[in-house]
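*Asks:* Please find the sequence and the predicted model below.
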Amino acid sequence: MKTKIYILLFSIIFSTNLFSQEQKMTDAEIASFKQDVNVVAKKIKTLSTDFVQYKHMDFLSKDIETSGKMIFKEPNLLQWQYKKPYNYSIVFKNGKILINDEGKKSAVDIGNSKIFGRINKLIVGSVSGNMFDDKEFAISYFKSKGQNIAKFIPKDATLKKYIKQIELTFDKEEATVVQVKLLESSEDYTRIVLKNKVINAKIDDSVFTN
């Protein structure tokens, strides 16, 4: 059951495109990029965005596509709401993961598992762009046309069982996350595209009731 939940949580957060002309950043470019992202991340109090998720599995000829809306409010209120082709939402709130599967509700206590704590940190970090933690990941940096890419390989042995690499893609001008890709331990991956972002609009806490 826990394995299923871990994979589900990872699957709902990470995405990106495949880039054929990536170039490694210089040390100076890395420093400038991280500074820009951290400055912007500190300014984000709330964030809402539409998303389209593509789940790629080797044995399927076509990716599985779902879509919905993500809402974040600092410091750690987060909701992923799937609207098509089904209604499913997951909320991170007060140290718990609240799941609503078309009216069937359940909850997981993050405090009972270190791995859930790390997942929560990853999710919030991926939304805000504030996840450059060299203690948790081996990180490499690349640039492409109009975008910067940070690739994270987990150092924790438990995380490595579920995830091989995370790729965050940032818009160069806005310095915010626009896409993320999760590569699982197999050759499968999840890709989620974020669009129609609204930053720092008023969001009531009641939104995060699941």
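*Replies:* Structure's in. What do you need? Please read all numbers here as calculations on a predicted model, not as lab measurements.
*Asks:* Buried by neighbour count: which residues of the longest helix anywhere in the chain qualify?
*Replies:* Of all the segments of type helix in the chain, defined by DSSP state H, the longest one is helix 27-43. Buried residues in helix 27-43, defined by neighbour count with 16 or more other Cβ atoms under 10 Å: Ile30, Phe33, Lys34, Asp36, Val37, Val40, Ala41. Where C-beta positions appear, they are placed from N, C-alpha and C, glycine not excepted.
*Asks:* Which secondary structure elements does that helix sit against?
*Replies:* Where contact means 3 or more Cβ pairs under 8 Å, 6 or more residues apart in numbering; DSSP states H and E, helix 27-43 is packed against strand 137-144.
*Asks:* Apply 10 Å and report the result again.
*Replies:* When contacts are defined as 3 or more Cβ pairs under 10 Å, 6 or more residues apart in numbering; DSSP states H and E, helix 27-43 sits against helix 114-128, strand 137-144, strand 147-154, strand 165-171, strand 177-183.
*Asks:* quick check, nearest of the buried residues of helix 27-43 to Asn76?
*Replies:* Ala41 (13.5 Å; Cβ to Cβ).
*Asks:* I figured the closest one hits Met131, correct?
*Replies:* Yes - counting by Cβ atoms under 10 Å, Ala41 touches Met131, with 9.1 Å between them.
*Asks:* quick one, what contacts the residue lying farthest from the centre of the chain?
*Replies:* Distance from the C-alpha centroid of the chain peaks at Ala28, with 26.1 Å (Cα atoms, centre = their mean). Counting by Cβ atoms under 10 Å, 6 or more residues apart in numbering, Ala28 touches no other residue.
*Asks:* and it, how far is that from Lys84?
*Replies:* Using Cβ to Cβ, to the nearest Å, Ala28 is found at 43 Å from Lys84.
*Asks:* Same check on Asn196?
*Replies:* 15 Å.
*Asks:* same deal with Asn94?
*Replies:* 29 Å.
*Asks:* go on, Leu194?
*Replies:* For Leu194, the distance to Lys84 - Cβ to Cβ - is 16 Å.
*Asks:* Asp36 too?
*Replies:* For Asp36, the distance to Lys84 - Cβ to Cβ - is 34 Å.
*Asks:* Also Lys143?
*Replies:* From Lys143 to Lys84 the distance is 34 Å (Cβ to Cβ).
*Asks:* what does Val91 give?
*Replies:* Distance, Val91 to Lys84, by Cβ to Cβ: 19 Å.
*Asks:* what about these two, which has more around it?
*Replies:* Higher neighbour count among Val91 and Lys84: Val91, with 21 against 10, using other Cβ atoms under 10 Å.
*Asks:* The helix or strand encompassing that one - contacts with which helices or strands?
*Replies:* Assigned by DSSP states H and E, Val91 falls within strand 88-93. Applying 3+ Cβ pairs under 10 Å, 6+ apart, one finds that strand 88-93 contacts helix 2-11, strand 64-73, strand 77-84, strand 96-101, strand 104-109, helix 114-128.
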